[in-house]
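[1] show me the folded form of this:
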Amino acid sequence: MSSKNHTKANHLLARLCSILILSAIFMQTLTAYPQSAYARGTGGIKGNNLPAGYVTDRQMKLANPWTGTNETPLFDVMRKAQNGQKVTIAFIGGSITKGTMSNGTRDKSMNKKLTYVDYFADWWYKKFPRADLRFINAGISATDSYLGVHRVQKDVLDKKPDLVVVEFAVNDKKTAYHKQAYENLIRKILGSPTKPAVMLLFMAKLNGWSCQLQQSEIGRHYHLPMLSYGNVMKDMIQQGIYTMEELSGDAIHPSALGYAVVGEILVRYLEEIAQKALGEAAYYKTPNSYVTSKKYENGKVLTCKDIKIKKMGTFEESSKSSVFPHNLTSASGSGDLTFTVTGKSIGIVFAQQINGRGGQFDVYVDGKKTAQIDADNSGGRHNKPGAVPCYSSNTKKTHTVRIVRNKKSKGQALTIYAVLVS
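    Purely as a prediction, here's the structure:
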């Protein structure tokens, strides 16, 4: 080889070495800073439906920052499933529990478009293939824990669940009666004959709004497992991992990607619990004391056929709802419905209409105006049920309820779905 060619070969070898050195440095950099690649998600593990790769270990700590949790009831459910026994798992909440999904800008790349309930159920099927698993979805769109505490007996507890997941952080409001209703809902589940385990799920709107703080106070009092999608979602947006448009298409309901994030939070927590032995889990007895009061502990939903109607006024029997049977509707006129009902507390479930015909109706209990029903939901996305408390006392007795259209109301229509008593 000539000296000229030898020099060229040396230069080429030197360049090649430089490239190899730079590549090694680059790979070390990627290893040192994994956050540049994390949380992109696989959409599933080895072909099944369990989500993975969306949530980091640090974010799991954000999802579950509470201590003093009583994990024993949840482990007992898993032991029952492992023994091949019948296990019934129920979910109660609003539209997010029901499975309403918005369209996110990244959803086309998702392998699966499943809800959190789907992911939750799939984990149990995969983990306990010998178990006789039953799942109950008692989610109803646009409903809150005030209605939930009155319907939980029929919709959930009569099915004798072993585990109940509660999700009302988006639909509840930061009011005293919602706080009371939520606590009474939790205690009603805990005190039911099957003594089910209870998990609390805190969802949130994209703007961060949620009743998590109010509801987690209840959860801490009863030492319940609690998981926050809201905490993780906020961190993901702040860190630039996902955009708001990727996690939700309507700022309220998760996209397929958003549900995958919720799903991973849930299944990773369940997997952690499954790996623990019963003796390692701290046990806390359900406290006798309340954070609020036992106002709604005996709550139930009465159809319009269950109440004693004294005067129909302009109301007529109708079937406007597929969820609540036997409705009463006043399409025009003054309304002026009068009926009697027995209980300590009384509430009305009604239709909130988007057609502009919904009116404002005053509620009188024993001759005194106690509440107003606003059936107008103009500008909303869809008709939805509303629930308003109308009366409360410490004594159970029979009350006369009158519902009449407010004289200033432009809308004339009202459909009553049900009456809540406790």
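
[2] hey, let's count contacts and neighbours off CA atoms from now on
    Will do.

[3] quick one: the strands in the stretch 51-200 of the chain?
    Under the criterion DSSP state E, counting those that start in this stretch, the stretch 51-200 of the chain contains strands at 86-93, 132-139, 163-167, 197-202.

[4] now the ones you listed as CSV including mean neighbour count?
    Putting these into CSV (neighbours: other CA atoms under 10 Å) gives the following:
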stretch, mean neighbour count
strand 86-93, 22
strand 132-139, 18
strand 163-167, 23
strand 197-202, 23
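
[5] go through the ones you listed and name the closest to residue 54.
    Relative to residue 54, the nearest member of the strands of the stretch 51-200 of the chain by CA to CA is strand 197-202, separated by 17.9 Å.

[6] tell me how far the nearest residue to residue 261 once chain neighbours are set aside lies from residue 265.
    Nearest non-adjacent residue to residue 261, counting by CA to CA, 6 or more residues apart in numbering: residue 54, 5.9 Å away. In this view, residue 54 and residue 265 are 9 Å apart by CA to CA, to the nearest Å.

[7] between these two, who's got more neighbours?
    Comparing residue 54 with residue 265 by other CA atoms under 10 Å, the one with more neighbours is residue 265, at 27 against 23.

[8] right, and the more buried one touches residue 63 too?
    Yes - taking contacts as CA atoms under 8 Å, residue 265 lies within contact range of residue 63: 7.2 Å.

[9] overlap of the contact sets of the two?
    Common neighbours of residue 265 and residue 63 (criterion: CA atoms under 8 Å, 6 or more residues apart in numbering): 227, 229.

[10] before we move on, back to that, to residue 413, which of the strands of the stretch 51-200 of the chain lies closest?
    Short answer: strand 132-139, nearest of those by CA to CA, at 26.7 Å.

[11] by contact count, what packs against the closest one?
    With contacts taken as 3 or more CA pairs under 8 Å, 6 or more residues apart in numbering; DSSP states H and E, strand 132-139 sits against strand 86-93, helix 95-98, helix 116-127.

[12] keeping just the C-alphas, turn that strand into PDB.
    C-alpha atoms of strand 132-139 as PDB (Å, rounded to 0.1, in the frame of the first residue of the first chain):
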ATOM      1  CA  ASP A 132     -66.500 -16.900  38.600                       C
ATOM      2  CA  LEU A 133     -66.400 -13.200  37.900                       C
ATOM      3  CA  ARG A 134     -69.400 -10.900  37.600                       C
ATOM      4  CA  PHE A 135     -69.300  -7.200  36.800                       C
ATOM      5  CA  ILE A 136     -72.000  -4.600  37.300                       C
ATOM      6  CA  ASN A 137     -71.800  -1.200  35.700                       C
ATOM      7  CA  ALA A 138     -74.200   1.200  37.500                       C
ATOM      8  CA  GLY A 139     -72.900   4.300  35.900                       C
END
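
[13] quick one: pLDDT of residue 288?
    On the pLDDT scale, residue 288 is placed at 89.

[14] what does residue 381 give?
    Taking residue 381 on its own, its pLDDT is 83.

[15] which residues does it contact?
    Taking CA under 8 Å, 6+ apart, one finds residue 354 in contact with residue 381.

[16] for the remainder of this discussion, apply numbering that starts at 264.
    Renumbered: residue one is now 264, and that last one reads residue 644.

[17] measure it to residue 592 for me?
    Going from residue 644 to residue 592 by CA to CA gives 22 Å.

[18] for residue 352, same thing?
    Taken as CA to CA, the span from residue 352 to residue 592 is 36 Å.

[19] try residue 470
    Residue 470 is 36 Å from residue 592, by CA to CA.

[20] again with residue 633
    Counting by CA to CA, the gap from residue 633 to residue 592 is 21 Å.

[21] which one's more surrounded, the two?
    Applying other CA under 10 Å to residue 633 and residue 592 shows that residue 592 carries more neighbours, namely 21 against 15.

[22] tell me the bridge partners for the residue nearest the centre of the chain.
    Centroid-nearest residue in the chain, with CA atoms, centre = their mean: residue 430, separated by 2.5 Å. As for beta bridges, residue 430 partners with residue 356 under DSSP bridges.

[23] what pLDDT does it get?
    pLDDT, read off for residue 430, is 98.

[24] hmm, it is touching residue 467, no?
    No - the pair residue 430 / residue 467 is not scored as a contact, 10.4 Å apart, by CA under 8 Å.

[25] elements contacting the top strand by length along the chain?
    Ranked by number of residues, the top strand in the chain under DSSP state E is strand 647-668. For strand 647-668, the elements it packs on are strand 600-615, strand 623-628, strand 631-637, judged by 3+ CA pairs under 8 Å, 6+ apart.

[26] now those as JSON lines including mean pLDDT?
    As requested, the helices and strands packed on strand 647-668 are exported to JSON lines (pLDDT from 0 to 100):
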{"stretch": "strand 600-615", "mean pLDDT": "97"}
{"stretch": "strand 623-628", "mean pLDDT": "98"}
{"stretch": "strand 631-637", "mean pLDDT": "97"}
